[in-house]
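J.: Let's see this in three dimensions:
(one chain, ligands or ions: 1)
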Amino acid sequence: MHHDDDPALYPTEFVRRYRDAGYWTDDTFADFLVSVTDRHGDREAVVCGGTRMTYRELLAATESTARRFAQLGIGYGDFVIVQLPNTPDFLRTVFALFHLGARPVFSLPAHRRVELTHFIRETRAVALVTTGRHQGFDHRQLARDVLAEISDGPMVIIAGAEPEEFVPLDAADHQEPGPVPPRAHPVPEELAFLQMSGGSTGVPKLIPRSHADYLYSVRESARICGLGPDTRMLVVLPVSHNFTMSSPGVLGALWAGGTVVLTGDPTPSSVFRLIDAEHITITAAVPPLAMTWLTLRPRIDASLRTLEVLQVGGAKFPPEAAARVTPVLGCRLQQVFGMAEGLVNYTRPEDPEDIVTGTQGRPISPDDEILILDDEGRKVPEGEPGHLLTRGPYTIRRYHHDADPGAFTDDGFYRTGDIVRRLPTGHLIVEGRDKDHINRGGEKISAEEVENHLIAHPDITDAALVAVPDEYLGERSCAWIISTNPPPVSEIREFLIRRGLAGYKLPDRYEFDTGFPLTGVGKISRKALRRRLADTLNQDHTTGETEP
Ligand code: OOB
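T.: Below is the predicted model:
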């Protein structure tokens, strides 16, 4: 079935090319869990707290969840927003939606009103599957706030908590279970789900991924990372993020018949104890998390002897920290440079140490086309830094509803916004970003989005959000505020929270001024702003040293 808003995701000649090369197959996510259960049924699929499920049990839970969703009226082609923490509920929800041919729209637990209302409006989602209290925040209250803002909003389904006025994910016991609804047969090249972008302009953009393209990246990732039935993967990062889901992530581990151990607690003591108790072989972190683990390793009594690989990605991992992974944790490091839009690069197990610590890896596919261009769009000399553009068998050609068409060239290359250089071996080194975008330890913040919220405050004339270098997170955000009557910082924070801004997007620091440095044509000079900020920070530093 073709939906109005679901035109072909790739041009016909490329569909043929990727099929002929064997990258794209007839496999779909509707069959995924059935197919791995056929191969690995009695193996342990998922562990979370006291819960342990085999593939067969996960499949049974998925099928009853599919029946529940069908009874609630969810069907083929429907969009359903999934905002769940790292629990088996996430897996059975997503696989149940795939079973029905419905399309998950992935959201992070950190998303708030701004993101959720955007996702709902962009997809006309029929349902939002969320939870109760999680990390001190009540997602039911968030659902209420969202529904208050949207007329004819989605049905809200609550997993793992008291549903209050909403619909429980599990029907009450007394309800007679009917037959499992038939499994959908989607076309492999069609839309399977929407991922969210790391976000460089405004709220996260929605990324249409097909069964064929995503499964190719999952299978190849699992192969490159050497996953198999003995793999025991600890999932610490949010499960719905593209890294955690597919690089090789939860889907890669399940594809290989391994075991996925889910946790929502990234603290080193909890993580190290889980690695020890569950005989974890692989886990993944963003750089700030990996750095805490490195720092606190000596203080925690746990054996990490089963741990073979620590994957680090999402933001630049400084080479100095990268070099400490093997000595401190006793495992290999794998760097992962990826994006929800597609392209994923890995350092390989056979790569020499300087490549593993000093680069962000090379692409998955021989058909990942890489262009490194200067500001005028000419190829830079080999080894020089430039704008990374890419096209390939698992990189999108457009966003959902054609948002931001400028992010793609006429011949279908995606402009990543990253500045990279390439070694003769094909490995890429990420040098920075070309867009106004702050990478706060892997969480991407759009300067423009936060600025727009700040400017909405009646006492704020203008605002600019800039990155401040930070030892721990890589970057933190500083709001530079222009005002003749500056409101107190606490009031600005309250204002942003009331507007529904996610916590990680709240500025870490505020500076007040009466005017901006401008460029020649009168635009705010972010360069000059960063310089001013650096000066201010230096002064703070000096003050700190001279005053007792
Ligand atoms: C991953 O995906 P997104 O969509 O949240 O963010 C993508 C952006 C990249 O364009 C780049 O700016 C940055 O995140 N990034 C890195 C990096 N990995 C991602 N920058 C430097 N070094 C790295 N290793 O973040 C993502 C998706 C799949 C796998 C891994 C990460």
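J.: so where's the stretch 201-350 of the chain uncertain?
T.: Of all residues in the stretch 201-350 of the chain, those with pLDDT under 70 make up the ranges 201-202.
J.: three-state assignment of the closest residue to the ligand within it?
T.: Using CB to the nearest ligand atom, the closest approach of the stretch 201-350 of the chain to the ligand is made by G338 at 2.5 Å. Placement of C-beta: from N, CA and C, glycine included. With DSSP: H, G, I helix; E, B strand; the rest coil as the basis, G338 sits in strand.
J.: That one touches Q360, doesn't it?
T.: No: contact criterion CB atoms under 8 Å: G338 and Q360 do not qualify, at 9.2 Å.
J.: Can you work out which residues contact both of those two?
T.: Counting by CB atoms under 8 Å, 6 or more residues apart in numbering, the residues touching both G338 and Q360 are 313, 345.
J.: So what sits opposite the residue of the stretch 201-350 of the chain closest to the ligand in the bridge?
T.: On the basis of DSSP bridges, G338 is bridged to V344.
J.: what about the residue nearest to T51 when sequence neighbours are not counted, how many neighbours?
T.: Spatial nearest neighbour of T51, chain neighbours left out: P88 (5.9 Å); criterion: CB to CB, 6 or more residues apart in numbering. By other CB atoms under 10 Å, 24 other residues sit near P88.
J.: show me what contacts the residue of the stretch 201-350 of the chain closest to the ligand?
T.: Contacts of G338 (CB under 8 Å, 6+ apart): 242-243, 247, 313, 344-345.
J.: How about A45?
T.: A45 makes contacts with 53-55, 57-58, 254, 259-260, as judged by CB under 8 Å, 6+ apart.
J.: Identify the residue nearest the residue in the stretch 101-250 of the chain that the ligand sits nearest to in space, chain neighbours excluded?
T.: Using CB to the nearest ligand atom, the single residue of the stretch 101-250 of the chain nearest to the ligand is G198, 2.8 Å away. Take G198 and drop its neighbours on the chain: the residue closest to it by CB to CB, 6+ apart is K444, 3.8 Å away.
J.: Mind giving me the packing neighbours of the helix or strand encompassing that neighbour?
T.: K444 is part of strand 443-446 when elements are defined by DSSP states H and E. Here strand 443-446 touches strand 437-440, going by 3 or more CB pairs under 8 Å, 6 or more residues apart in numbering; DSSP states H and E.
J.: contacts for the strand it packs on?
T.: So strand 437-440 is contacted by 198-200, 315-316, 417, 433, 444-447, 465-467, 473-477, 504, 508 (CB under 8 Å, 6+ apart).
J.: Show me the shaky parts of the stretch 351-500 of the chain.
T.: Within the stretch 351-500 of the chain, the stretches with pLDDT under 70 are 435.
J.: what about the helix or strand where I481 lies, distance to the chain center?
T.: Element membership for I481 (DSSP H and E) is strand 474-482. Averaging C-alpha positions (CA atoms, centre = their mean, to the nearest Å) puts strand 474-482 23 Å from its chain's average.
J.: any idea which helix or strand comes after that strand?
T.: helix 489-498.
J.: Excluding chain neighbours, give the residue nearest to G358 in space.
T.: Closest residue in space to G358, ignoring its immediate chain neighbours: P319 at 5.2 Å, by CB to CB, 6+ apart.
J.: What parts of the stretch 251-400 of the chain come near the ligand?
T.: 313-316, 335-340, 344, 360 (CB under 6 Å from any ligand atom).
J.: The same query, at a cut-off of 8 Å, please.
T.: 286-287, 312-317, 335-341, 344-345, 360-361 (CB under 8 Å from any ligand atom).
J.: what do you get for the chain?
T.: Within the chain, the positions near the ligand by CB under 8 Å from any ligand atom are 195-199, 241-243, 246-247, 286-287, 312-317, 335-341, 344-345, 360-361, 416-418, 430, 433, 437, 439, 442, 444.
J.: can you rerun that using 5 Å?
T.: Proximity of the chain to the ligand (CB under 5 Å from any ligand atom) is limited to residues 198, 242-243, 247, 313-316, 336-340, 360, 418, 430.
J.: Correct me if wrong, but F119 is in a strand.
T.: No: assigned with three-state DSSP, F119 falls outside any strand and is helix.
J.: With only the CA atoms kept, save stretch 372-380 in CSV.
T.: Listed next in CSV are the C-alpha coordinates belonging to stretch 372-380 (Å, rounded to 0.1, in the frame of the first residue of the first chain):
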residue,chain,number,x,y,z
ILE,A,372,34.9,16.1,0.8
LEU,A,373,34.3,19.6,-0.6
ASP,A,374,35.5,23.2,0.0
ASP,A,375,33.1,26.1,0.5
GLU,A,376,32.8,26.5,-3.3
GLY,A,377,31.8,22.8,-3.7
ARG,A,378,35.2,21.7,-5.2
LYS,A,379,36.9,18.6,-4.0
VAL,A,380,39.6,19.4,-1.5
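J.: Scan the contacts of G338 and report the most crowded one.
T.: The residue in the contacts of G338 with the most neighbours, by other CB under 10 Å, is S247 (28 neighbours).
J.: Phi first, then psi, for it.
T.: The phi/psi pair for S247 (degrees, to the nearest 10) reads phi -120, psi 60.
J.: how about it, what does it touch?
T.: Going by CB under 8 Å, 6+ apart, S247 touches 217, 221, 284, 311, 313, 336, 338, 344, 346.
J.: In strands, which of the contacts of A45 fall?
T.: 53-54, 259-260 (DSSP state E).
J.: Quickly check those residues for the two that are furthest apart.
T.: T54 and V260 (12.2 Å; CB to CB).
J.: Same list, the contacts of S247, but as JSON lines with distance to E115 please.
T.: As requested, the contacts of S247 are exported to JSON lines (distance: CB to CB, whole Å):
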{"residue": "S217", "distance to E115": "24"}
{"residue": "S221", "distance to E115": "26"}
{"residue": "A284", "distance to E115": "23"}
{"residue": "Q311", "distance to E115": "26"}
{"residue": "G313", "distance to E115": "22"}
{"residue": "V336", "distance to E115": "24"}
{"residue": "G338", "distance to E115": "21"}
{"residue": "V344", "distance to E115": "23"}
{"residue": "Y346", "distance to E115": "29"}
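J.: Looking at these, spot the one nearest F137.
T.: Of the contacts of S247, the one sitting nearest to F137 (CB to CB) turns out to be A284, at 24.0 Å.
J.: List the contacts of the strand or helix carrying that closest one.
T.: Using DSSP H and E, A284 maps to strand 282-285. Strand 282-285 has contacts (CB under 8 Å, 6+ apart) with 225, 227, 231-237, 243-244, 247, 249, 253, 266, 271, 275, 293, 307-313, 336.
J.: Could you turn the buried ones of those into a PyMOL selection?
T.: A single PyMOL command selects the buried members of these (16 or more other CB atoms under 10 Å):
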select buried, resi 225+227+231+232+233+234+235+236+237+243+244+247+249+253+271+275+293+307+308+309+310+311+312+313+336
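J.: Among the contacts of strand 282-285, which ones are in helices?
T.: Residues of the contacts of strand 282-285 located in helices (DSSP state H): 243-244, 249, 253, 271, 275, 293.
J.: Out of the residues you listed, which is nearest to A161?
T.: T244 (22.2 Å).
J.: can you pull the contacts of that closest one?
T.: Going by CB under 8 Å, 6+ apart, T244 touches 235, 237-238, 250, 284.
J.: what about 10 Å?
T.: 86, 233, 235-238, 250-251, 262, 284, 311, 314 (CB atoms under 10 Å, 6 or more residues apart in numbering).
J.: measure the nearest residue to G500 once chain neighbours are set aside to V167 for me?
T.: Excluding the flanking residues, the one nearest G500 by CB to CB, 6+ apart is R113, at 2.8 Å. R113 sits 20 Å away from V167, taking CB to CB, to the nearest Å as the criterion.
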